[in-house]
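> Let me see the structure of the following:
(one chain, ligands or ions: 2)
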Amino acid sequence: MVRTRIIGGVVIPVTESGLWYENGHVVVEDGRIVAVGPGEGSPVPGEAVVNAAGKYVLPGFVNAHGHAAMALLRGYADDLPLMDWLQKKVWPIEDRLTGEDIYWGTMLALLEMIEGGITTFADMYFHMDRVAEAVAQAGVRGVLSRGIIGTGPDEGRGAIRESREFASRWHGAEGGRITVTLGPHAPYTCPPAVLRQVAEVSAELGVGIQIHLSETRSEVEQIAASHGKSPVDVCAEAGLFERPTVVAHAVHLTEADIDLMARFDVRVAHNPGSNLKLGSGVAPLPKLLQRGVVVGLGTDGAASNNNLDLLEEIRLAALIHKGVGEDPIAVDADTALALGTREGARALFLEEGAGTLAPGAPADLIFMDGSGPHLLPLYNPISQVVYAAKSGDVTDVMCDGRWLLRDRQHQTLDRDKILFHVSRIVEGFTR
Ligand SMILES: CSC[C@H]1O[C@@H](n2cnc3c(O)ncnc32)[C@H](O)[C@@H]1O
Ligand SMILES: [Zn+2]
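Ligands and ions are numbered 1, 2, ... in the order given. Below is the predicted model of the structure:
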């Protein structure tokens, strides 16, 4: 039995709107949160006691959409629209990436994500066994998909076969830290026949689906020209939404699309930073939330963001919808923090309570140092985290009851070794 009592910090459980304990406790036992509340609670002999005085204690952030190994391509292609970015720059270099490159690229992303307080991330990429190995070593939670592109000569058959094999090896692995999902890339790279097959395999294997959807106006126009309907309709008619599905982006939606997504409980990963950088637009987040659609937040890959800072996405989600809607309460601080934690976990179909500090929830939590000048004075801790804190304020990260970062020092990853391998790999790109 390993039992840890965290005391003395400002505890933000994200279980209900506006709740925090100025001087609270969180007790963790065998990878689960077993108690949360004000004061020190009821200490038990033999517990480890961790003093979090001066810190915020909150659930780990959930990065609901991304491509971790694209950290290798940070800054490689900027200031382009999505299709030019993909076709002229990203896909040609991705064709050259080896499993080894993707392993170290994912490790680089994991360093950054852990340092920024992310304890769960979704990933869609290639060489996924190497990604899963990296996740196993780092100790985070991963929702992992082998990306499927169905427009090549084999119409996605190889990628679907690899997805099945990947699921058989890794779904539920590492004590449940790794979840495998299917990753059809998008309706413009996966024709309806491929999407139908994905839906069937998803039902057969009992795994969910993640897909890019309605990201740009040009995608919607292209699908209208080729199929005479919206990308959302194409997915629905292929049977995708009868399976647990999270769609990334969902920027260009009609009222009918939103109705359909709400009816089928389609979940959304909102990626405000990537959507702004690629000039894709702004997703109708307030409307999705009003209709009861579950929405989490994602960074997307570091090549379109250009960082993996979920706190920045939380702040962007809180700010851009106020500006676009000329409405200062469009997405309030409570909502924004919930999107980056509890709702992100729901968007990825994780277990009930994940992404919160509720008794019974997985022990995924972070400490943020609250003593910097940018965090003083303190009126409202939730406001402070959402509007004023920096991801560099994260000092400690626990996932599944295990410390991944203590006092800003990695406990599971060798930072220098990862940075060395990344620089060696990137030298090869420029040769
Ligand atoms: C088939 S593996 C995943 C695939 O997705 C590409 N990608 C990265 N960001 C985006 C985005 O915003 N929209 C569409 N596709 C994206 C990535 O480069 C991989 O090729
Ligand atoms: Zn993406």
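
> Quick check: residues of the stretch 151-300 of the chain near ligand 1?
Residues of the stretch 151-300 of the chain lying near ligand 1 by Cβ under 6 Å from any ligand atom: 185, 186, 212, 215, 274, 300. For the C-beta atoms, the positions are set from N, CA and C on the backbone; glycine is no exception.

> OK, contacts around the first one?
Think residue 185. 124, 147, 148, 149, 211, 212 (Cβ atoms under 8 Å, 6 or more residues apart in numbering).

> Would you report which members of these are assigned to strands?
124, 147, 148, 211, 212 (DSSP state E).

> I figured the last one was touching residue 245, is that so?
No: counting by Cβ atoms under 8 Å, no contact exists between residue 212 and residue 245, whose distance comes to 11.8 Å.

> What's opposite the residue in the stretch 1-150 of the chain that ligand 1 sits nearest to in the beta bridge?
Taking Cβ to the nearest ligand atom, ligand 1 has its nearest neighbour within the stretch 1-150 of the chain at residue 147, 2.3 Å off. On the basis of DSSP bridges, residue 147 is bridged to residue 183.

> and it, how far is that from residue 94?
Distance of residue 147 to residue 94, given as Cβ to Cβ, to the nearest Å: 10 Å.

> Identify the contacts common to the two.
residue 126.

> Please identify which of these two sits among more neighbours.
Per other Cβ atoms under 10 Å, whichever of residue 147 and residue 94 has more neighbours is residue 147, with 24 against 20.

> Could you list which residues are in contact with that one?
With Cβ under 8 Å, 6+ apart, residue 147 has these contacts: 124, 125, 126, 159, 183, 185.

> Give me the nearest residue to the first one, chain neighbours excluded.
Which is residue 124. residue 183 (4.0 Å; Cβ to Cβ, 6 or more residues apart in numbering).

> okay, the one you found: pLDDT?
Residue 183 carries a pLDDT value of 98.

> got the residue ranges for the helices in the stretch 151-300 of the chain?
Assigned by DSSP state H, counting those that start in this stretch, the stretch 151-300 of the chain shows helices spanning 157-170, 192-205, 217-227, 231-237, 255-263, 272-277, 285-290.

> tell me what the fourth one is packed against?
Using 3 or more Cβ pairs under 8 Å, 6 or more residues apart in numbering; DSSP states H and E as the contact criterion, the secondary-structure elements in contact with helix 231-237 are helix 192-205, strand 209-213, helix 217-227, helix 255-263.

> Phi and psi next, for the nearest residue to residue 275 once chain neighbours are set aside.
Leaving aside its chain neighbours, residue 275 sits nearest to residue 251 (5.7 Å; criterion: Cβ to Cβ, 6+ apart). Dihedral angles of residue 251 (phi, psi; degrees, to the nearest 10) stand at phi -90, psi -50.

> what do you get for residue 350?
Dihedral angles (degrees, to the nearest 10) for residue 350: phi -80, psi 170.

> OK, contacts around residue 128?
Residue 128 neighbours (Cβ under 8 Å, 6+ apart): 144, 145, 146, 162, 166, 170.

> mean confidence for stretch 94-104?
Averaging pLDDT along stretch 94-104 gives 98.

> With stretch 37-45 instead?
Stretch 37-45 comes out at a mean pLDDT of 97.

> Which residues belonging to that stretch are considered buried?
For stretch 37-45, the neighbour count (16 or more other Cβ atoms under 10 Å) marks residue 41 as buried.

> Endpoints of it, how far apart?
19 Å (Cα to Cα, to the nearest Å).

> May I have the phi/psi pair for the closest residue to ligand 1 within the stretch 301-431 of the chain?
Ligand 1 sits closest to residue 301 of the stretch 301-431 of the chain, with a gap of 4.7 Å, by Cβ to the nearest ligand atom. Main-chain torsions, residue 301, degrees, to the nearest 10: phi -80, psi 160.

> Quickly note the distance from the closest residue to residue 254 other than its chain neighbours to residue 307.
In space, and not counting its chain neighbours, residue 254 is closest to residue 230: 6.2 Å by Cβ to Cβ, 6+ apart. According to Cβ to Cβ, residue 230 and residue 307 sit 31 Å apart.

> how does the chain divide into domains?
The record's domain parsing of the chain by automatic domain parsing lists 3-60+355-410, 61-347.

> ranking these by burial, who's on top?
Highest mean neighbour count among these (mean count of other Cβ atoms under 10 Å): domain 61-347, with a mean of 21.

> Where does the closest residue to residue 408 other than its chain neighbours sit, in terms of helix or strand?
Of all residues not flanking residue 408 in the chain, residue 395 sits nearest, at 5.5 Å (Cβ to Cβ, 6+ apart). Per DSSP states H and E: residue 395 is located in strand 394-399.

> which residues does the residue nearest to residue 287 when sequence neighbours are not counted contact?
Of all residues not flanking residue 287 in the chain, residue 258 sits nearest, at 6.3 Å (Cβ to Cβ, 6+ apart). Neighbour list for residue 258: 284, 287, 288, 291, 293 [criterion: Cβ under 8 Å, 6+ apart].

> do residue 8 as well
Counting by Cβ under 8 Å, 6+ apart, residue 8 touches 23, 51, 52, 53, 54.

> The closest residue to the second one other than its chain neighbours: helix or strand, and which one exactly?
Distances taken as Cβ to Cβ, 6+ apart put residue 8 closest to residue 51, at 4.9 Å, once the chain neighbours are dropped. Counting by DSSP H and E, the element that carries residue 8 is strand 3-11.
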